[in-house]
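In: got a sequence here, can you model it:
(one chain, ligands or ions: 1)
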Amino acid sequence: MRKQIAAANWKMNLTYPQAENLLTDVLNANADLKENQQVVFAVPSPYLTMTNGLLAQKDNYFTAAQNCFNKKSGAYTGEISAEMLHSLDIEFCVIGHSERREYFGEDGKMLAEKIDLCLEFDITPIFCCGEPLPIREANTQNDYVETQLKESLFHLTADQLDNIVIAYEPIWAIGTGKTATTGQAQEMHAFLRYTLANQYGANVADLISILYGGSVKAGNAKELFSCADVDGGLVGGASLIAADFIQIIHSLK
Ligand code: PGA
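Out: Okay, the predicted model is just below:
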């Protein structure tokens, strides 16, 4: 059965005590998770160990890094490797968020290298894709997102792909308060699954979790997650407020 995932992406927000309080509040809500439901917190690197320690008390809660570098180790001051994350027992890493692509010049090839390193070290990449507004306005979003998959994922074997989570995040919906309609989300998620099925077969495609991201809120999560091909969300702003993120967790299928 496909996993349904509520993933928080804190980005560069919260001090250490604020982060501890937020995690404690969410854990204290004791959300009754089904076996196929997971909650993931993508936290700033200095908080990885603390987060993993707190989440270890509960099944189905996981820590994610927000990024790692595309080299195994060496003279790359300031960077963090997949192997380091593995040595901290981190099981997920966000790869290719549009903010990394835009502000740090990360391209499809670099992201493919990051994906390979994550898989080598047993870390599940949460691979982000999604189009900017002009591409949506020109109605070429399917080609754009298909190219993103081809560049960074299609070198993988079917077995490797099984360990990938995809997050579709239309850039025009991130942090803007402008959410994709359920129709737009479902259409793109179905297209992504169709594209994966063409490459890897329907059985493989059917098992891949595809999250929606872009202004997911407590008030719209249930509707978005109810779409057949939407398997949860990657949540920025609303994941910084415990009550909101708890409600988003409760919205999982
Ligand atoms: P948002 O961010 O929920 O604040 O739009 C989502 C993301 O960038 O992952």
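In: okay, now the residue of the stretch 101-250 of the chain found nearest the ligand: neighbour count?
Out: Closest residue of the stretch 101-250 of the chain to the ligand, C-beta to the nearest ligand atom: Gly236 (2.3 Å). All C-beta atoms are positioned from the backbone trio N, CA, C, and that covers glycine. Gly236 has 22 neighbouring residues, counting by other C-beta atoms under 10 Å.
In: ok, it touching Gly177?
Out: No - using C-beta atoms under 8 Å, Gly236 is not in contact with Gly177; the gap is 11.3 Å.
In: could you check the distance from the residue of the stretch 101-250 of the chain closest to the ligand over to Glu102?
Out: Gly236 sits 15 Å away from Glu102, taking C-beta to C-beta, to the nearest Å as the criterion.
In: equivalent analysis for Arg193, please.
Out: For Arg193, the distance to Glu102 - C-beta to C-beta - is 26 Å.
In: report the beta-bridge partners for the nearest residue in space to the residue of the stretch 101-250 of the chain closest to the ligand that is not next to it in sequence.
Out: In this structure, Gly236 finds its nearest non-sequential neighbour in Asn9, 5.0 Å apart by C-beta to C-beta, 6 or more residues apart in numbering. For Asn9, the beta-bridge partners are Ala42 (DSSP bridges).
In: dump the residue contacts of Asn9.
Out: Ala42, Gln66, Val94, His97, Gly213, Leu234, Val235, Gly236, Ser239 (C-beta atoms under 8 Å, 6 or more residues apart in numbering).
In: again, only using 10 Å
Out: Asn9 is in contact with 40-43, 64, 66, 94, 97, 99, 126, 128, 167, 169, 174, 213, 233-237, 239-240, counting by C-beta atoms under 10 Å, 6 or more residues apart in numbering.
In: for the protein, which segments count as helices?
Out: Ranges of helices in the chain, per DSSP state H, are 16-28, 48-55, 82-87, 98-103, 108-120, 133-137, 141-152, 158-161, 182-200, 202-206, 221-225, 242-250.
In: mean pLDDT added to those, as a markdown table?
Out: Listed next are the helices of the chain as a markdown table, based on pLDDT from 0 to 100:
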| stretch | mean pLDDT |
| --- | --- |
| helix 16-28 | 98 |
| helix 48-55 | 98 |
| helix 82-87 | 98 |
| helix 98-103 | 97 |
| helix 108-120 | 98 |
| helix 133-137 | 95 |
| helix 141-152 | 98 |
| helix 158-161 | 97 |
| helix 182-200 | 97 |
| helix 202-206 | 97 |
| helix 221-225 | 97 |
| helix 242-250 | 98 |
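In: let's have the ones you listed in CSV, adding distance to Lys71.
Out: Formatted as CSV, the helices of the chain follow (distance: least, C-beta to C-beta, whole Å):
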stretch, distance to Lys71
helix 16-28, 28
helix 48-55, 19
helix 82-87, 10
helix 98-103, 15
helix 108-120, 8
helix 133-137, 30
helix 141-152, 16
helix 158-161, 20
helix 182-200, 27
helix 202-206, 29
helix 221-225, 36
helix 242-250, 33
